[in-house]
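J.: here is a sequence with its predicted model. Questions after.
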Amino acid sequence: MVGPGPGSKRYSPADVQRLRNRHRGYQLTLAMEVLLVISLPLAAIWPGLLSVMLVSLAVVLNVFLSRYSLMRRSRSVVYVFGGLAIALEVLWHLLRQLDPRWSLVLALPHVMVWVAFLILVLLRKVNGLVREPFVTVSVVMGAASGYLLIGIAGGLLFTALWVFQPQAFNLAAFPMGEAGAPAALLASSSIDVAPALMAAAMNLLTTAGTALLNPRNVTAQVMSSAITVAGQLYVAILIALILGRFHRRSN
């Protein structure tokens, strides 16, 4: 790492340690997201695994990233939404064991809290990344982790859509695995199909597309377009902000 030049800010040992912890948070976040994505085939066999991964991701975002973020003003809000997301995830699983109808009752608040939490973390991450004093491998990993957060949020939105509009999906395109037939999918809860929906959102994020969505359903098509456009805008905006900041600094 190049030392500070004339007129540049000098960092105290505490500042350097905080920067290292923040960059470690970038690395852990990306590692957790990649692990979540590659574990989706296993989550299709044991659906509870996806919830475990989501809770673990929320813990990493709260403890190892938000704590050392450059954005201090809204840190308490992140902690509140992160705690609510974890609590609703656990409560949702406990209550659905008692009565499956709780899956429908808690679906909307459960997903909305998660999406709000991820969007808040994403906005703070973008603001923090453009303020980083150095562009390092860890900062690039932090940018990549923000990109994957969009796909995870999209998968959660698809999960809510499944609860309220299962006709928005092409049942014949789902992996048959535990369901056995398309008709059996309609009797499945959102937790059973969540891994497939998360994978579909990731495919849309990378513009690969997915066959799981019903092309005649307007809501499904709007959501798919929103995920794809959000992913492309994230990359374009983040690059523009970082390049603009360092161009101003060089001038």
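T.: Received it, and whenever you're ready, just let me know what you need.
J.: any low-confidence regions in the stretch 151-251 of the chain?
T.: 176-191, 243-251 (pLDDT under 70).
J.: going along the chain, name the helices of it.
T.: Ranges of helices within the stretch 151-251 of the chain are 182-185, 190-205, 218-250, based on DSSP state H, counting those that start in this stretch.
J.: with adjacent residues omitted, what lies nearest to L65?
T.: Spatial nearest neighbour of L65, excluding adjacent residues (Cβ to Cβ, 6 or more residues apart in numbering): G25 at 3.7 Å. C-betas here are computed from N, CA, C, even on glycine.
J.: I'd assumed Y68 was in contact with the one you found.
T.: Yes - using Cβ atoms under 8 Å, G25 is in contact with Y68, at 5.9 Å.
J.: identify the residues contacting stretch 34-47?
T.: 49-50, 53-54, 57, 148, 151-152, 175, 177-178, 191-192, 194-196, 198-199, 202 (Cβ atoms under 8 Å, 6 or more residues apart in numbering).
J.: ugh, wrong one, stretch 153-160
T.: 107-108, 111-112, 114-115, 118-119, 122, 190, 193-194, 197-202, 204-205, 223, 226-227, 230.
J.: again, only this time at 7 Å
T.: For stretch 153-160, the surrounding residues in contact (Cβ atoms under 7 Å, 6 or more residues apart in numbering) are 107-108, 111, 114-115, 118-119, 190, 194, 197-198, 200-201, 204-205, 223, 227.
J.: one step back: for the helix or strand harbouring the residue nearest to L65, what is the average pLDDT?
T.: Per DSSP states H and E, G25 falls inside helix 13-38. Regarding helix 13-38, the rounded mean pLDDT is 88.
J.: what do you get for stretch 72-82?
T.: Stretch 72-82 comes out at a mean pLDDT of 85.
J.: what residues does it touch?
T.: 58, 61-62, 66, 69, 113, 116-117, 120-121, 124.
J.: who wins on neighbours among those?
T.: L61 (30 neighbours; other Cβ atoms under 10 Å).
J.: where does it sit: helix, strand or coil?
T.: helix (DSSP: H, G, I helix; E, B strand; the rest coil).
J.: hang on, the earlier thing: pull out the buried members of the contacts of stretch 153-160.
T.: Applying 16 or more other Cβ atoms under 10 Å to these, the neighbour count classes 107, 111, 114-115, 118, 190, 194, 197-198, 200-201, 204-205, 223, 227 as buried.
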